[in-house]
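# structure for this input, please:
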Amino acid sequence: MIRFAALLAVAMPAHGMPLPEGATLSATEASPRDTLVFPVGPWEAADLPTLTVEGALRQEAWVVPGSQRSTAELLAPLRDALEADGFNILFTCRDVECGGFDFRYALDLLPEPAMHVNLGDFRYLSARKSGGRDVVTLVISRSGETGYIHIARVGASAP
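I've put the predicted structure just below:
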């Protein structure tokens with residue numbers, strides 16, 4: 001795997017999705033062939049329903065400093081862009097209804113400080129492209145006035 005960490009002055013679209021103004025890339029990781037195991041349901045009684053996909057994998061962490069947007073407001077345009085691009089939402093949840101601590105720590109995310117997850121204020125979404133094997137997962141979080149966005153995409157066109 002290749003890891004790059006960078007702060008950019010202008011947010012470049014991640015996988016063609018609209019990022020909030022002021023978003024900066026804090027880390028990225030790409031592999032031409034990898035496996036992503038991702039939740040498709042909440043953590044309940046020590047069980048987490050997952051799907052496993054294999055292919056080219058790209059993960060990005062974005063930081064949105066000075067943001068007054070809620071996690072729902074940060075997630076909405078990304079979800080809308082995925083749906084417009086032919087993705088079907090498999091599962092979406094927020095912090096406690098996801099399964100809280102156990103759910104969050106079952107996620108394969110880029111590490112702190114690039115991606116911070118506030119256990120009391122995060123949202124998750126997984127989506128699969130219609131008729132294809134491309135999968136995208138999103139984790140959105142806030143801490144103070146900083147938003148965090150983690151995007152993972154696996155499939156033929158990820159990196």
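
# run through who's touching stretch 110-118.
Contacts made with stretch 110-118 from outside it, assessed by CB atoms under 8 Å, 6 or more residues apart in numbering, are listed as 5, 26-29, 59-61, 63, 104, 107, 109, 139, 141-143, 146, 148, 150. Where you see a C-beta, it was placed from the backbone N, CA and C, and this is true even at glycine.

# please read the previous query as pertaining to stretch 137-150.
14, 19-20, 23, 36, 38, 59-71, 74-75, 78-79, 107, 109-110, 115-118, 121-127, 151-152.

# which SS state does V154 fall under?
Here V154 is recorded as strand under DSSP: H, G, I helix; E, B strand; the rest coil.

# follow-up on the earlier one: list only buried entries from the contacts of stretch 137-150.
If you count burial by 16 or more other CB atoms under 10 Å, the buried members of the contacts of stretch 137-150 come out as 14, 19-20, 23, 36, 38, 59-64, 67, 69, 71, 74-75, 78-79, 107, 109-110, 115-117, 122-127, 151-152.

# how about the one residue sitting closest to the centre of the chain, phi and psi?
Most central residue of the chain, judged by C-alpha distance to the mean C-alpha position with CA atoms, centre = their mean, is L138 at 2.3 Å. With angles defined as degrees, to the nearest 10, L138 sits at phi -130, psi 140.

# quick one: it and L48, what's the gap?
Distance, L138 to L48, using CB to CB, to the nearest Å: 17 Å.
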